[in-house]
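Asker: fold the stuff below for me.
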Amino acid sequence: MAKRISLSKRREQWAQQFKPQIIRGTPLNYNAALSTRIEADLLKLVRQMTRETQREVLALFRSDVGRQFFGMDASVSSQSRILLNALTNTFMKIFKSRAKSITEKMLSGAAATSRSSLSQSIEQLTGGVTLSTDFFSGPLKEKLSAAVTQSVNLIVSIPEKYLGSVKNAVTSSISSGNGLADLVPFFERQNGITERHASNMALDQTRKVYNTINAGRMRSAGIRKFEWLHSAGGHHPRPFHLHNLNGNIFDLDNPPVIDPKTGERGLPGQLPNCKCRMRPVIELDDGTTT
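Answerer: Numbering: from 1, shown residues only. Okay, here's the model as predicted:
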């Protein structure tokens, strides 16, 4: 049997007088400082990798070996292969060793933010009744374990993708005979792409873990429903989120379609670059309250 929520005496009197169908808590806002810290940790790793890789590769092409390449000396090909294999081994190990600690930092920060923001929201809902929000039920632990694994895998994929693109660019520059003329603009472009990818990944994963914790704790507290709140920000808002989901009430156990193209269902913040939020609500005629 689902847990029921008790309202304060004053809130009960208010509900009896005005008979609202829905009582809303405060929105569960993201912790921008936490997202920024996780983003900074990840960017520090990424910049170490991109700067060292660029320096080493360009140095090879500017060396005697590289200059000989233009005289049809094939040694630059073997030297670049050895160099890139070494860089790949080095940074795969570095990212693997740091991925778990970055993810655990994100998880603990999201849990702390959730505990505070959800407590405030529940007090708003109930009219001052304090409920514990430090729940980590079995289902929630399983979801968080899956989220941690996904986050670690995404972090580890960064050097794999970046150095793979570098290998392709080096091979192409050797085949074309353009060498540095191709590689210098490639690094300028690719390094920026990789940094932006890492930044978006950090922000997306922080939002997803935060909302996963909130949803699990809301269920444990007896809150079954939430209001979808569009972020009203960003240069390219999702029209479906803004016009179809925003302001509507949904069940945590039957979340809405969030991508009409794929039929994927889920919570705010689940899709890449989604900054939408949840607001806990209770409907007074659904058996939620005592």
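Asker: give me the low-pLDDT residue ranges for the protein?
Answerer: For the chain, applying pLDDT under 70 flags the ranges 1-2, 64-74, 131-136, 233-234, 286-290.
Asker: strands of that one, start to end?
Answerer: Taking DSSP state E, the strands of the chain run over residues 22-24, 225-229, 249-251, 257-259, 264-265, 277-283.
Asker: now for the fifth one, which elements pack on it?
Answerer: What that stands for is strand 264-265. Based on contacts counted as 3 or more C-beta pairs under 8 Å, 6 or more residues apart in numbering; DSSP states H and E, the elements that strand 264-265 packs against are strand 257-259. Quick note: C-beta positions are derived from backbone N, CA and C, even for glycine.
Asker: which positions within the strand it packs on qualify as buried?
Answerer: Ile258 (16 or more other C-beta atoms under 10 Å).
Asker: and if you look at stretch 181-201?
Answerer: 182-183, 186-187, 190-191, 194-195, 197-199, 201.
Asker: show me the residues you listed that map onto helices.
Answerer: Judged by DSSP state H, the buried residues of stretch 181-201 include 182-183, 186-187, 190-191, 194-195, 197-199, 201 as members of helices.
Asker: JSON lines for those residues, including distance to Ser231?
Answerer: Below are those laid out as JSON lines (distance: C-beta to C-beta, whole Å):
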{"residue": "Asp182", "distance to Ser231": "40"}
{"residue": "Leu183", "distance to Ser231": "39"}
{"residue": "Phe186", "distance to Ser231": "35"}
{"residue": "Phe187", "distance to Ser231": "34"}
{"residue": "Gln190", "distance to Ser231": "30"}
{"residue": "Asn191", "distance to Ser231": "29"}
{"residue": "Thr194", "distance to Ser231": "25"}
{"residue": "Glu195", "distance to Ser231": "23"}
{"residue": "His197", "distance to Ser231": "21"}
{"residue": "Ala198", "distance to Ser231": "21"}
{"residue": "Ser199", "distance to Ser231": "17"}
{"residue": "Met201", "distance to Ser231": "18"}
